[in-house]
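Enquirer: Structure for this input, please:
(one chain, ligands or ions: 1)
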Amino acid sequence: MSSTTGGEPTVRQTDVAAGAANDEGSATMDKGYAPEVRERLERDAKEIIGRYPKPRSALLPLLHLVQSEDGYVSDDGHEFCAEILGLSKAEVVGVSTFYTMYKRKPAGQYHVGVCINTLCAVMGGDQIWDELSEHTGLEHNETSPDGKISLERLECNAACDFAPVMMVNWEFFDNQTPASAKQLVDDLKDGKEISPTRGPKKLCSFKEASRVLSGLPDGLAGDGPSANGPSLEGLKIAKANGWKAPES
Ligand code: FES
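Expert: Take a look at the predicted model:
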């Protein structure tokens, strides 16, 4: 069974093997959560469900919660969500397989995304992807055999002003180059402490990020630098020219 949340993830090797064998399908090697894991998940789930008028509205955060346990939305995770929300498993699977942030096989401890959408692509994102994929030997949504790194081709991260952009566990790494991208992944593999360009100084694991996305904060949301530089350039120009938004 997988680790508790909050610490370093321990991706199950059986899950990695299952994921590697089936790129599109879900890994289905689960045998049910251990009683102490289930008890903890139920406690967290009840807190999340209590925020919504109807339990089923909590499905998206609960999918992040079970992802924080297993590093992907496992068969156990689907069953847990269905049971606690009074949904059929088919309804839960229908939702989890629609959104790309829910993984169908174990993501790496560090899930590395390269934006290949239009602006990042022309600014070098395509080149970064090609070189990083070759450097790691990983294709889209593949995880390294040691469970440390997974790669994903991402669509626009709404950070085009810092193109080309990468994300690791959904934290921004701005203005990347093929060389900086390869260095970043090598440093992550070597266990070096890495700081994102924006946000908290310390990079969390994929499981820890999933827990935050489930709505259980780690207290770091306000840490580190936020929008600056190019993001505020338009505002500065508008102020200098006395431009205002049109009256409605
Ligand atoms: S195109 Fe890459 S962040 Fe928008």
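Enquirer: residues making contact with the helix or strand hosting Asp44?
Expert: Using DSSP states H and E, Asp44 sits within helix 35-49. Surrounding helix 35-49, the residues in contact under the criterion C-beta atoms under 8 Å, 6 or more residues apart in numbering are 1-2, 4, 33, 55, 58, 61-62, 65-66, 69, 80, 84-85, 214-216. Placement of C-beta: from N, CA and C, glycine included.
Enquirer: Buried ones only from these, please, as a ChimeraX command.
Expert: Selection of buried members from these for ChimeraX, criterion 16 or more other C-beta atoms under 10 Å:
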select :2,33,55,58,61,62,65,66,69,80,84,85,214,215,216
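Enquirer: Can you flag which of the contacts of helix 35-49 belong to helices?
Expert: 61-62, 65-66, 69, 80, 84-85 (DSSP state H).
Enquirer: residues from the protein in reach of the ligand?
Expert: Neighbours of the ligand within the chain, by C-beta under 6 Å from any ligand atom: 115, 117-120, 156-157, 159-160, 163, 165.
Enquirer: What is the nearest of those to Gly137?
Expert: The shortest gap between Gly137 and any of those belongs to Cys115, at 20.9 Å (C-beta to C-beta).
Enquirer: From Ala121, how far out is that closest one?
Expert: Taking C-beta to C-beta, to the nearest Å as the measure, Cys115 falls 8 Å from Ala121.
Enquirer: These two: which has the busier surroundings?
Expert: Higher neighbour count among Cys115 and Ala121: Cys115, with 28 against 17, using other C-beta atoms under 10 Å.
Enquirer: right, and that one touches Leu154 too?
Expert: Yes: using C-beta atoms under 8 Å, Cys115 is in contact with Leu154, at 4.9 Å.
Enquirer: tell me, what's touching the two both at once?
Expert: Counting by C-beta under 8 Å, 6+ apart, the shared contacts of Cys115 and Leu154 are Met167.
Enquirer: returning to what we had before: could you pick out the buried ones from the residues of the chain next to the ligand?
Expert: Neighbour-count burial (16+ other C-beta under 10 Å) is assigned, among these, to 115, 117, 120, 157, 159-160, 163, 165.
Enquirer: would you turn those residues into a markdown table with distance to His135, secondary structure and pLDDT?
Expert: Shown next, in a markdown table, are those (distance: C-beta to C-beta, whole Å; DSSP: H, G, I helix; E, B strand; the rest coil; pLDDT from 0 to 100):
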| residue | distance to His135 | secondary structure | pLDDT |
| --- | --- | --- | --- |
| Cys115 | 17 | strand | 98 |
| Asn117 | 21 | coil | 96 |
| Cys120 | 18 | helix | 97 |
| Asn157 | 21 | coil | 91 |
| Ala159 | 23 | coil | 92 |
| Cys160 | 25 | helix | 93 |
| Ala163 | 21 | coil | 96 |
| Val165 | 18 | coil | 97 |
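Enquirer: Quick check: the farthest pair among the residues you listed?
Expert: Using C-beta to C-beta, these span at most 10.4 Å, a distance reached by Asn117 and Ala159.
Enquirer: Check the gap between the nearest residue to Gly32 once chain neighbours are set aside and Val92 for me.
Expert: Nearest non-adjacent residue to Gly32, counting by C-beta to C-beta, 6 or more residues apart in numbering: Asp76, 6.0 Å away. Distance of Asp76 to Val92, computed by C-beta to C-beta: 12 Å.
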